[in-house]
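K.L.:
sequence first, predicted coordinates after that:
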Amino acid sequence: MSYKFETIQLHGGQYPDPTTGSRAVPIYQTSSYVFKNSEHAANLFSLKEEGNIYTRLGNPTTQVLEERISILEGGVGALAVASGAAAIAYTFLTIAKYGDEILSANNIYGGTYNFLTNTIVDYGITSNFFNPKFPEELYQLITPKTKIIFIESLGNPSGDVVDIETICAIAHKFNIPVVVDNTFATPYLIKPFEYGADIVIHSATKFLGGHGTSIAGLIVDSGKFNWKDSKFETFNKPDSGYHGLKYSDLNDIAFITKARVKTLRDTGAALSPFNAFLILQGIETLSLRVERHVKNAREIANFLSKNTEVNWISHPEFNKNSDKILIEKYLKKGATSIFTFGLNGGRERGKKFIDSLKLFSHLANVADAKSLIIHPASTTHGQLNDLELKKCGVKPETIRISVGLENVDDLIKDLEHAIKSSKLGGSL
Ligand SMILES: *Cc1c(COP(=O)(O)O)cnc(C)c1O
């Protein structure tokens, strides 16, 4: 039976515990699992039988989380890891090898940008960037070395809408998989697989967990990409490190299996079962929280757009340059609750404004139940020079806001007060 989103977020992937009948998902806080006998042990190791061996490879609590996100996104399988950054790194390293290139949208999370431009380059994987507002740029930039096209479903930090379907259509002409970071949209607002995406990743630290308590990452496989193409060499030769398995023989679960039994097994950023439990708790109320996040954000964007001290605002529904057709297509359930704006007075005014807020927390996270604020140019994007900042769509005065679940009147009062006092108190 196929259930709707709100039902899946509560029940997906869980079968009440056969030993205790526990209604909540039990936390299996264990590193390893007792074999029934020597034959069972041997069968598990030689892949003749499925089962738990060691929590780095899999854990029953974590498995519920993996199945739940896979059903919510519409995939064939998922892998949970210790952070969103690990989910991104593991996805790239499972597909690309020395000599390959990753082609990424330029409006992405600062950490991913840094990984692509600095860290991964030292391992012989190069990167290049395109402007997702102009998908046709891909025709110029795709080369025989391109093995991944990477985008975020809603750009960070400006929340711009990306035309996933057009980008996937171009990528697939060259048999290149499209990886989508769906952290900001969540499957409640956008399901990238419906538009042709091949792999979805999440920083579950954000909306999925939803309460700012735990770091976690998820990788979901659509099962649709054809890895049998000889250019994906590591999928098409027997892996001597894993019983001579040829991953492409696994068809729809080739990618997600390789990510688990090779990348995760050998490098070990496994998610702790306790954090898997906390992310599951968050997912139980995902749709309700996202609806309220979106509603509060819309009211705040409306307030800011009418305030004469606000120079510009990037919320998709209030930005005069927004592509209305894309919004209608991708954001039927509402736009983001994370967006940016700039006050008159530039960088200094922005800093003073943030210091005047009382209810918003000034910190480096988004998508908490609590409202958050930050100045990207001096923090998350602090290592980028002005030219790189511009490439990422960040201005020196940009303020990023993550609207939480407080009463929106209180949030607006806090913003109003900080806008006033940052103006009066200063030497502007
Ligand atoms: C936070 C974030 C990440 C990194 O995730 P962590 O859980 O912090 O490692 C990746 N992508 C996006 C869009 C994010 O917001």
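P.N.:
Now that the structure is in, tell me what you want to look at.

K.L.:
rest of the way, CA atoms for contacts and neighbours
P.N.:
Fine.

K.L.:
touching, Asn43 and Glu49? I think so.
P.N.:
Yes. Asn43 is in contact with Glu49 according to Cα atoms under 8 Å; the separation is 5.3 Å.

K.L.:
what does this protein put close to the ligand?
P.N.:
83-85, 109, 183, 203, 205, 215-217 (Cα under 6 Å from any ligand atom).

K.L.:
least confident of those?
P.N.:
Among these, Tyr109 carries the lowest pLDDT, at 88.

K.L.:
that one against Ser158, yeah?
P.N.:
No. With contacts counted by Cα under 8 Å, Tyr109 stays clear of Ser158, the gap being 10.3 Å.

K.L.:
now do the helices in the stretch 1-150 of the chain.
P.N.:
Ranges of helices within the stretch 1-150 of the chain are 5-11, 38-45, 60-73, 84-95, 110-114, 137-141, based on DSSP state H, counting those that start in this stretch.

K.L.:
from the contact counts, what lies against the third one?
P.N.:
Other helices and strands packing on helix 60-73, by 3 or more Cα pairs under 8 Å, 6 or more residues apart in numbering; DSSP states H and E, are helix 5-11, strand 77-81, strand 217-221, helix 273-283.

K.L.:
out of the ones you listed, which gets nearest to Phe134?
P.N.:
Closest to Phe134 of the helices and strands packed on helix 60-73, according to Cα to Cα: strand 217-221, at 26.2 Å.

K.L.:
run the chain-centre distance for the next helix or strand after that closest one.
P.N.:
Moving toward the C-terminus from strand 217-221, the next helix or strand (DSSP states H and E) is helix 254-258. Distance, stretch centre to chain centre, for helix 254-258: 19 Å (Cα atoms, centre = their mean, to the nearest Å).

K.L.:
which element, helix or strand, includes Lys420?
P.N.:
Going by DSSP H and E, Lys420 is in helix 408-424.

K.L.:
quick one: mean pLDDT for that helix?
P.N.:
According to the model, helix 408-424 has a mean pLDDT of 93.

K.L.:
so what's the closest residue to Lys332 other than its chain neighbours up against?
P.N.:
Computed as Cα to Cα, 6 or more residues apart in numbering, the closest residue to Lys332 that is not its neighbour in sequence is Leu189, at 7.5 Å. The contact partners of Leu189, taken as Cα atoms under 8 Å, 6 or more residues apart in numbering, are 330-335.

K.L.:
make a markdown table out of the helices of the stretch 1-150 of the chain and add mean neighbour count.
P.N.:
Formatted as a markdown table, those follow (neighbours: other Cα atoms under 10 Å):
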| stretch | mean neighbour count |
| --- | --- |
| helix 5-11 | 17 |
| helix 38-45 | 13 |
| helix 60-73 | 23 |
| helix 84-95 | 21 |
| helix 110-114 | 17 |
| helix 137-141 | 13 |
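
K.L.:
make CSV out of these and add distance to Asn319.
P.N.:
CSV is the format used below for those (distance: least, Cα to Cα, whole Å):
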stretch, distance to Asn319
helix 5-11, 30
helix 38-45, 55
helix 60-73, 29
helix 84-95, 29
helix 110-114, 22
helix 137-141, 24
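
K.L.:
looking at those, which is nearest to Thr19?
P.N.:
helix 60-73 (13.2 Å).
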